[in-house]
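In: just to be clear, the model below is a prediction. Sequence and coordinates:
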Amino acid sequence: MSHLPCVEIEPQSPATHAIIWLHGLGADGNDFAPLVPHLTPPVAVRFVFPHAPQIPVTINGGMRMPAWYDILSMSIEREVDEQQLRASAAAVQKLIEREIDRGIPAQNIVLAGFSQGGAVVYEAALTFPQRLAGVLALSTYLATHATIKPHPANVDVPILIQHGSLDPVVPESLGKHAYQWLLDHHYPAQYQSFAMQHQVCGEQVQAMNQWFQQVLA
């Protein structure tokens, strides 16, 4: 079975947990790897950073670049190619299954995603048929809120949403909309806002570490 190509960072002792972390539009799996030395999970974690395929992106004039799905317009509703998004979510679920095959149970696996990657993570996690450890949604939105078909296995999965209050790329209103949707559907979601743009800041990393202590302990 073929899988997405990935950057993988192994812990010093044999991995008992995994974090699969998706980058944003135009980046690749190396984008968040430099964060690993600043993260302090309480267990031995394998970090998996997949690379998105190169596809034409409509909002960038059809230029080919790493993308999880095509973005058709930059309207506040973020018109996207849902078929491509779901294909990417299925590819991420294959990575979850590979970790399970490697001996890491689903309940020890976190999905994390930034921006476009976060939209894929929402779809992949909420529809996965086994309970996961958690979902980390960074500067992102729930692109498939009108069509997603959640699986009951993850109705109580812990979800941490982090967003920049000054984000000019994915407005914070989209992050808050996802948060409200999750609350309306009874997910145990948390929302954290930081005075930053479309990025990651040190204060945010500290909050991530606190959350990892909770969901991976």
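Out: That came through fine.
In: strands of the chain, start to end?
Out: 6-9, 17-22, 45-50, 54-57, 63-66, 109-114, 134-138, 159-164, 189-194 (DSSP state E).
In: any chance of these in a markdown table with mean neighbour count as columns?
Out: From N, CA and C alone the C-beta is placed, and that goes for glycine too. Conversion of the strands of the chain to a markdown table gives the following (neighbours: other C-beta atoms under 10 Å):
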| stretch | mean neighbour count |
| --- | --- |
| strand 6-9 | 16 |
| strand 17-22 | 27 |
| strand 45-50 | 24 |
| strand 54-57 | 16 |
| strand 63-66 | 14 |
| strand 109-114 | 27 |
| strand 134-138 | 25 |
| strand 159-164 | 25 |
| strand 189-194 | 17 |
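In: would you turn those strands into CSV with mean pLDDT?
Out: Compiled in CSV, the strands of the chain are given as follows (pLDDT from 0 to 100):
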stretch, mean pLDDT
strand 6-9, 98
strand 17-22, 98
strand 45-50, 98
strand 54-57, 96
strand 63-66, 97
strand 109-114, 98
strand 134-138, 98
strand 159-164, 98
strand 189-194, 98
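In: just send those back as TSV, with distance to residue 216 too.
Out: Shown next, in TSV, are the strands of the chain (distance: least, C-beta to C-beta, whole Å):
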stretch	distance to residue 216
strand 6-9	16
strand 17-22	6
strand 45-50	7
strand 54-57	33
strand 63-66	28
strand 109-114	7
strand 134-138	8
strand 159-164	12
strand 189-194	15
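In: which of the ones you listed sits closest to residue 95?
Out: strand 17-22 (5.4 Å; C-beta to C-beta).
In: list the contacts of stretch 107-114.
Out: Contacts of stretch 107-114 with the rest of the structure, by C-beta atoms under 8 Å, 6 or more residues apart in numbering, involve 16-24, 31-32, 43, 92, 96, 99-100, 119-122, 124-125, 130-140, 200, 212, 215-216.
In: so where do the helices sit in this structure?
Out: Secondary structure of the chain, counting by DSSP state H: helices at 82-101, 116-126, 172-184, 202-216.
In: and among these, the most buried is which?
Out: Greatest average neighbour count among the helices of the chain goes to helix 116-126 (a mean of 29), per mean count of other C-beta atoms under 10 Å.
In: got the angle between that one and strand 159-164?
Out: 170 degrees (axes from the mean of the first three to the mean of the last three C-alpha atoms, to 10 degrees).
In: low pLDDT regions in this structure?
Out: In the prediction, the chain carries residues with pLDDT under 70 at positions 1, 76-77.
In: again, only this time at 50
Out: For the chain, no stretch has pLDDT under 50.
In: most centrally placed residue in it?
Out: residue 113 (2.2 Å; C-alpha atoms, centre = their mean).
In: got a list of what the nearest residue to residue 84 once chain neighbours are set aside touches?
Out: Closest residue to residue 84 apart from its sequence neighbours, by C-beta to C-beta, 6 or more residues apart in numbering: residue 69 at 3.7 Å. Contacts for residue 69 (C-beta under 8 Å, 6+ apart) come out as 55, 80-82, 84-85, 87-88, 116, 119-120.
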